[in-house]
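Undergrad: Make a model of this:
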Amino acid sequence: MKYIPFTFLAGIFLLFIACSKSEAVADFYTVDFEQSLDTERAMMLSEIADTLEYLELKSPKDVIVSRIWNIYLLDDFLYLHTTYGNFKFTRQGQFVTEIGRGGQGPGEYSMTHDIDIDPVRKEIVLSDSGQVLFYDLDGHIIEVAENIAMVVKRFLASGLSIEETAKRMDVGTDYVQACLER
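TA: Modelled structure (predicted):
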């Protein structure tokens, strides 16, 4: 019971992070592929970039970097969210560390849905199935918070109605309904 206000505040914090544009990727040019498909044409690389850098990621043999979902740049480090984990590299491609650890134990993630970096608080926020994990920029766990949708589902499972859950969490009933659809 004493963790409910903290969990609610963590959920609100995550909503603000999810709805805000991250400044960590400001150095990257984004190509809207769906729009590009509508207006398909040959494009010179010089139209979108002044320079192009190829970066070989130098990682230990036991670290698999495959299918990179996101790349974040902060303080001359690259933070990669990949199929096989989350990693920190120097701007020159040298492996620094793994962010957290995959698994099913305390403080471990089973499947990362997304990550974000808070450049002000210098934290990495990792969304996993049923939980949100906070790490410092060196990959050390700071905190584990329950996913807000899981809190909604737990309240409903305990017998509260949608209206009672909304009132208890100080959100609208439409928000509670949206959490059920996740």
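Undergrad: Low-confidence stretches in the protein?
TA: In the predicted model of the chain, residues 1-31, 33, 130 satisfy pLDDT under 70.
Undergrad: can you map out the strands along it?
TA: In the chain, the strands defined using DSSP state E lie at 68-74, 77-82, 85-90, 95-98, 112-118, 123-128, 131-136, 141-146.
Undergrad: of all those strands, which lies closest to Lys58?
TA: Nearest of the strands of the chain to Lys58, taken as CB to CB: strand 95-98 at 6.1 Å. Glycine gets a C-beta too; all of them are placed from N, C-alpha and C.
Undergrad: other SSEs contacting the closest one?
TA: strand 85-90 (3 or more CB pairs under 8 Å, 6 or more residues apart in numbering; DSSP states H and E).
Undergrad: Show me the contact partners of the strand it packs on.
TA: 57, 59, 63-65, 76-80, 95-100, 102, 112, 115, 124, 126, 137-139 (CB atoms under 8 Å, 6 or more residues apart in numbering).
Undergrad: Partner strands of it and their direction?
TA: Sheet neighbours of strand 85-90, with direction, are listed as strand 77-82 (antiparallel), strand 95-98 (antiparallel) (DSSP bridges).
Undergrad: Check the spacing between the spatially closest residue to Leu137 that is not a sequence neighbour and Val171 real quick.
TA: Excluding its sequence neighbours, the residue lying closest to Leu137 (CB to CB, 6 or more residues apart in numbering) is Lys122, at 5.4 Å. For Lys122, the distance to Val171 (CB to CB, to the nearest Å) stands at 29 Å.
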